[in-house]
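Engineer: Structure of the sequence below:
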Amino acid sequence: MILKSVRGKTPKIGKDCFIAENATVVGEVTMGKQCSIWFNAVLRGDVHYIKMGDKVNVQDGAVVHCTYQKSPTTIGNNVSIGHNAIVHGCTVEDNVLVGMGSIIMDDCVVESNSIVAAGAVLTKGTRVPSGTIFAGMPAKKIKDISPELSSGEIDRIANNYVTYSSWFK
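Structural biologist: Numbering: from 1, shown residues only. Got it, this is the predicted structure:
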């Protein structure tokens, strides 16, 4: 793994986290406990901070970044960021699934208990209300989340990634 300090800021890794050997974590990045950063994922806290809660998984090839002096990135608890997603200068609250290949741009807010579908593009400043699924380019609400979908997808994936990461420790 590449853990790199920049401009006097060093990543802070929580308890019981897994970071793949070819993942990159740079600068002012803080993560809670039971997080996992997967192969070829990049978290660049060089131009602003990245703050992550507990049980966050950043899957293979995903990029988490910010905008210089404007937009930090804050990620809550129990969040899954799918393969090759881009999460940039935004807020992702608790219990969220960010689908594979999706893009969340600056100043977006993804409220708790929501899903950003695979391939969705949230343009600058988009707000995803709690309990909804957004999909498309540009992303729009397609439906509300049922309790079964919330526990069956959001919770299941976050919990699975805690298990998967244990295989590598």
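Engineer: What lies in contact with the top helix by length along the chain?
Structural biologist: For the chain, the helix that runs over the most residues, judged by DSSP state H, is helix 156-166. With contacts defined as CB atoms under 8 Å, 6 or more residues apart in numbering, helix 156-166 is touched by 17-18, 34, 36, 55, 57, 59, 78-80, 95, 97. (Glycine included, C-beta is placed from N, CA and C.)
Engineer: where does residue 127 fall, phi/psi-wise?
Structural biologist: Dihedral pair for residue 127: phi -120, psi 130, per degrees, to the nearest 10.
Engineer: Quick one: residues contacting it.
Structural biologist: Counted by CB under 8 Å, 6+ apart, residue 127 has contacts 108-109, 111.
Engineer: which parts of stretch 160-168 are buried?
Structural biologist: For stretch 160-168, burial by neighbour count (16 or more other CB atoms under 10 Å) applies to 161-162, 165.
Engineer: can I get the CA coordinates of it in PDB?
Structural biologist: The C-alpha trace of stretch 160-168 is given here as PDB (Å, rounded to 0.1, in the frame of the first residue of the first chain):
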ATOM      1  CA  ASN A 160     -19.800  -8.700   3.300                       C
ATOM      2  CA  TYR A 161     -16.800  -6.300   2.800                       C
ATOM      3  CA  VAL A 162     -15.900  -6.600   6.500                       C
ATOM      4  CA  THR A 163     -15.800 -10.400   6.000                       C
ATOM      5  CA  TYR A 164     -13.900 -10.200   2.700                       C
ATOM      6  CA  SER A 165     -11.300  -7.900   4.200                       C
ATOM      7  CA  SER A 166     -10.800 -10.400   7.100                       C
ATOM      8  CA  TRP A 167      -9.500 -12.900   4.500                       C
ATOM      9  CA  PHE A 168      -6.500 -10.600   3.800                       C
END
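Engineer: Kindly state the pLDDT recorded for residue 69?
Structural biologist: On pLDDT, residue 69 comes in at 92.
Engineer: Please apply the same query to the one 10 residues further on.
Structural biologist: Reading off the confidence values, residue 79 has pLDDT 98.
Engineer: State the number of residues packed around it.
Structural biologist: 27 (other CB atoms under 10 Å).
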